[in-house]
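Chemist: Model the structure of this input:
(one chain, ligands or ions: 1)
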Amino acid sequence: MIQSRRLSRIPVYLFSQIAELKRQLRQEGVDIIDLGIGDPDRPTPRHIIEALKEAVEDPQTHRYDESGFGDLELRRAFCEWFEKRFGVRLDPERNIQVLIGSKEGLAHLIWTYVEPGDVVLVPDPAYPVYRNNTLLAGGEPYYMPLLKENKFLPDLSAIPEKVAKKAKLLFLNYPNNPTAAVADLDFFREVVEFAHKYEILVAHDAAYSEVTFDGYVAPSLLQVEGAFDVVVEFHTLSKTFNMTGWRLGFAVGNEQAIKDLSKLKSHVDSSVFLAIQRAGIAAYCGPWEPVKETMEAYRRRRDVLVEGLQRLGCPVEKPKGTFYVWIPVPEGETSESFSEKLLRKAGVLTIPGTGYGKHGEGFVRASLTLLDPNPEARLQEAVERMERAGVRW
Ligand code: PMP
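Modeler: As a prediction, this is how the structure comes out:
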């Protein structure tokens with residue numbers, strides 16, 4: 001059997017490779033502190049689980065979702081929350097599409113618009129889905145470096161005019177995976193102006209919009225005037241409500257883009273289990289205390305890890321958003337060599353920054369989500385193991 005040329009253009013999914021390495025080391029008896037994949041370890045809030053149980057008992061939810069855009073009540077609930085949260089009005093009939101998680105929607109947006117040879121502006125480093133679906137669709141990623149000196153924001157003025165004119169889509173993601181950087185409305189205004197000027201559709205991945213700390217509140221790109229002409233924003237229940245396995249998210253924004261995405265989806269999937277969509281209504285209608293508690297738990301973990309690293313001399317600051325820490329590697333190390341050292345000598349699994357693109361060189365990513373009865377103590381142990389292994393900056 002021969003893979004399509006399309007598929008052979010892309011590597012095995014990053015986390016599939018890492019899962020294999022983990023299996024091997026565990027077989028050798030290594031006790032791994034796994035700061036690899038970002039996958040919330042706390043349970044989904046109780047009221048959402050109860051809503052699912054009730055919905056699953058209703059045979060109406062056992063059938064195909066024929067709505068096209070997703071359950072209307074769910075779309076209404078999300079739009080109401082969105083208006084309260086961002087002060088932006090979405091029309092539940094025109095500006096929103098329910099997704100099987102945001103990964104699905106991000107990938108399908110590319111398949112909706114990208115023709116062979118089309119340019120797609122992709123941050124580097126970034127969540128690999130933007131780049132790899134662009135390649136699958138025959139498009140040409142143009143990488144926008146996310147550099148520490150630019151606060152991990154792309155420099156739009158550095159994109160050659162010729163490239164900008166050819167670009168069809170621009171991907172952004174704030175709060176950002178993997179750098180944990182945040183963006184403000186001034187930067188978002190620049191983005192919307194750029195997108196208008198070059199007639200580019202902006203896909204903003206807002207997966208971590210609610211994963212923020214120390215009073216920081218992340219803006220939506222749709223808050224910018226004129227954004228509805230050029231923006232689709234992706235939201236998900238995965239991180240906000242600890243629901244990665246449930247698969248539920250939204251694309252919101254430009255009406256035509258939502259319609260086009262919906263058309264594509266109608267040919268490749270048959271929506272999300274309606275009982276899960278109903279449970280999603282319970283999520284957005286509150287209570288929100290469990291979300292606050294989860295963010296407070298991540299904040300404590302962040303403090304343990306970052307303060308521990310700082311004690312070892314690491315020049316890293318406490319991020320305002322996401323559950324990642326983007327750790328600069330000590331002098332003389334590369335992302336790969338340092339990540340391997342942490343794993344082999346300290347049993348601490350991190351992801352080499354280069355897994356997210358070549359400009360991830362010089363960093364490793366540590367996730368604050370970890371399956372352990374006492375995550376804070378485990379993170380403390382990770383720092384102690386590094387110290388014992390002689391890791392210094
Ligand atoms: N975007 C980013 C930046 C992510 O980190 C992730 C998950 N790791 C996703 C999207 C996908 O989230 P989901 O498909 O679960 O909604």
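Chemist: tell me the secondary structure for residue 265?
Modeler: Here residue 265 is recorded as helix under DSSP: H, G, I helix; E, B strand; the rest coil.
Chemist: Report the separation between it and the ligand.
Modeler: Residue 265 is 14 Å from the ligand, where distance means Cβ to the nearest ligand atom, to the nearest Å. Using the backbone N, CA and C atoms, a C-beta is placed for each residue, glycine as well.
Chemist: and residue 199, how many neighbours does it have?
Modeler: If you count neighbours by other Cβ atoms under 10 Å, residue 199 ends up with 12.
Chemist: Repeat that for residue 166.
Modeler: Residues lying near residue 166 (other Cβ under 10 Å) number 17.
Chemist: Same check on residue 54?
Modeler: 14.
Chemist: and it, what does it touch?
Modeler: Contact analysis of residue 54 by Cβ atoms under 8 Å, 6 or more residues apart in numbering lists residue 278.
Chemist: Which pLDDT value belongs to it?
Modeler: Listed pLDDT for residue 54 reads 98.
Chemist: if I look at residue 148, how far off is residue 322?
Modeler: For residue 148, the distance to residue 322 equals 16 Å [Cβ to Cβ, to the nearest Å].
Chemist: okay, the two: which has more neighbours?
Modeler: Taking other Cβ under 10 Å, residue 148 and residue 322 do not tie; residue 322 has more neighbours (30 against 14).
Chemist: The more buried one and residue 177 touch, don't they?
Modeler: Yes. In this structure, residue 322 is within contact of residue 177 by Cβ atoms under 8 Å, at 5.9 Å.
Chemist: Overlap in contacts, those two.
Modeler: Common contacts of residue 322 and residue 177, defined by Cβ under 8 Å, 6+ apart, comprise 38, 208.
Chemist: List, one by one, the residues from the stretch 51-200 of the chain near the ligand.
Modeler: Residues of the stretch 51-200 of the chain lying near the ligand by Cβ under 6 Å from any ligand atom: 101, 102, 103, 127, 173, 177.
Chemist: Serialize these to a markdown table and add fields for secondary structure, neighbour count and pLDDT.
Modeler: Output for those, formatted as a markdown table (DSSP: H, G, I helix; E, B strand; the rest coil; neighbours: other Cβ atoms under 10 Å; pLDDT from 0 to 100):
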| residue | secondary structure | neighbour count | pLDDT |
| --- | --- | --- | --- |
| 101 | coil | 20 | 98 |
| 102 | helix | 25 | 98 |
| 103 | helix | 20 | 98 |
| 127 | coil | 23 | 97 |
| 173 | coil | 25 | 98 |
| 177 | coil | 25 | 98 |
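Chemist: So what's the residue count around residue 193?
Modeler: Neighbours of residue 193 (other Cβ under 10 Å): 14.
Chemist: could you pull out the helices for the stretch 1-150 of the chain?
Modeler: With helices called from DSSP state H, counting those that start in this stretch, the stretch 1-150 of the chain shows them at 5-8, 14-27, 46-56, 72-86, 102-113, 128-136.
Chemist: Flag whichever of those has the least confidence on average.
Modeler: Least confident of the helices of the stretch 1-150 of the chain, judged by mean pLDDT, is helix 14-27 with a mean of 80.
Chemist: In that one, which residues are buried?
Modeler: Buried residues in helix 14-27, counting neighbours by 16 or more other Cβ atoms under 10 Å, are found at 14, 15, 18, 22, 25.
Chemist: And stretch 24-39, by the same measure?
Modeler: Residues of stretch 24-39 classed as buried: 25, 33, 34, 35, 36, 37, 38, 39 (neighbour count, 16+ other Cβ under 10 Å).
Chemist: Please work out which residues outside that stretch touch it.
Modeler: Outside stretch 24-39, the residues that reach it (Cβ under 8 Å, 6+ apart) are 15, 18, 22, 177, 239, 244, 322-324, 343, 346-351, 366-371, 378-379, 381-382, 385.
Chemist: Narrow those residues to those that are buried.
Modeler: In terms of neighbour count (16+ other Cβ under 10 Å), the buried residues within the contacts of stretch 24-39 are 15, 18, 22, 177, 239, 244, 322-324, 343, 346-351, 366-370, 378-379, 381-382, 385.
Chemist: Apart from its chain neighbours, what residue comes closest to residue 169?
Modeler: Nearest non-adjacent residue to residue 169, counting by Cβ to Cβ, 6 or more residues apart in numbering: residue 120, 4.7 Å away.
Chemist: and the one you found, how many neighbours does it have?
Modeler: Neighbourhood size, residue 120 [other Cβ under 10 Å]: 27.
Chemist: show me the contacts for it.
Modeler: By Cβ under 8 Å, 6+ apart, residue 120 lies in contact with 110, 114, 130, 134, 139-142, 167-171.
Chemist: Now go through those residues and say which are in strands.
Modeler: 140, 141, 142, 167, 168, 169, 170, 171 (DSSP state E).
Chemist: Just among those residues, which is most surrounded?
Modeler: Going by other Cβ under 10 Å, residue 170 tops the ones in strands among the contacts of residue 120 with 28 neighbours.
Chemist: okay, now residue 229: neighbour count?
Modeler: For residue 229, using other Cβ under 10 Å, the count is 15.
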